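>>> give me a 3D structure for the following:
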Amino acid sequence: MSPKKTKSRGKIGTVFAIGSSVTLAPVLARRFKEARAKGDKLAIADVTVSAAALAIGVLQALRARKSSEKKGEA
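I've put the predicted structure just below:
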């Protein structure tokens, strides 16, 4: 089998992916504050995992964009 080829995002696609992810940050911050005020450890864990997933998604989009730019130069 050959390796799976994926189409890289363009600049607009990367900006959209990052922008849509970043708009969730205030929602997560509000949910974290509410969970802390209530002392709800499960909700705190949920928000923490969601924030980590959000950060990883943004970093993956940036890394994919950076690697596609390097391939374009070569």
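
>>> in the chain, which residue is most central in space?
Gly57 (2.7 Å; CA atoms, centre = their mean).

>>> how far away from the center of its chain is stretch 54-66?
On the basis of CA atoms, centre = their mean, to the nearest Å, stretch 54-66 sits 6 Å off its chain's mean C-alpha point.

>>> offset the numbering so it begins at 29, please.
New numbering, starting at 29: the last item is stretch 82-94.

>>> so what touches that stretch?
With CB atoms under 8 Å, 6 or more residues apart in numbering as the test, stretch 82-94 has contacts from Ser36, Arg37, Lys39, Thr42, Ala45, Ile46, Ser49, Val50, Leu52, Ala53, Leu56. Yep, even glycine has a C-beta here, placed from its N, CA and C like the rest.

>>> gap between the nearest residue to Arg59 once chain neighbours are set aside and Lys69?
Computed as CB to CB, 6 or more residues apart in numbering, the closest residue to Arg59 that is not its neighbour in sequence is Val75, at 4.9 Å. From Val75 across to Lys69, the span is 11 Å (CB to CB, to the nearest Å).

>>> please look at the residue nearest to Arg59 and Leu56 and confirm they touch.
Yes: using CB atoms under 8 Å, Val75 is in contact with Leu56, at 5.5 Å.

>>> the two: who's more crowded?
Legend: neighbour count by other CB atoms under 10 Å for Val75 and Leu56, higher for Val75 (21 against 15).
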